[in-house]
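Colleague: Following is a predicted model, sequence given first.
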Amino acid sequence: MAGVVYILCALTSLACAVLLLRAYRQSKVRLLLWSGLCFIGLALNNGLLFLDKKVFPDVDLFLLRSLPALAGLMLLLYGLIWETAE
């Protein structure tokens, strides 16, 4: 059952990223771009979480699956700080 939740979380994050990036393409509001890129990182994190817990349970992928989330959140932080300062 947990595997289904991991997959649904990854799909939800991916859907949010697609919707945010599509809205950015239409409106050119750059905060939508940074948010969409953040959700791509979170979707990758959730996909790697599924691999870590269900496909490769004997291998610890904690650091590998944390890097996309960190990168996504850093992009969002950059967008929040530098894009709103303009």
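Modeller: All right, it came through fine. Residues are numbered from 1 along each chain as shown.

Colleague: ok, residue 59 - contacts?
Modeller: Applying Cβ atoms under 8 Å, 6 or more residues apart in numbering to residue 59 gives the contacts residue 52. From N, CA and C alone the C-beta is placed, and that goes for glycine too.

Colleague: quick one, phi/psi of it?
Modeller: Main-chain torsions, residue 59, degrees, to the nearest 10: phi -110, psi 130.

Colleague: what's the spatially most central residue of the chain sitting at in phi/psi?
Modeller: Nearest residue to the geometric centre of the chain (Cα atoms, centre = their mean): residue 42, 2.1 Å. Dihedral angles of residue 42 (phi, psi; degrees, to the nearest 10) stand at phi -70, psi -30.

Colleague: cool, and residue 58?
Modeller: Dihedral pair for residue 58: phi -90, psi -10, per degrees, to the nearest 10.

Colleague: how many neighbours does the nearest residue to the residue nearest to the centre of the chain once chain neighbours are set aside have?
Modeller: Sequence neighbours aside, residue 13 is the residue nearest to residue 42 in space, at 4.5 Å (criterion: Cβ to Cβ, 6 or more residues apart in numbering). Residues near residue 13, counting by other Cβ atoms under 10 Å, number 22.
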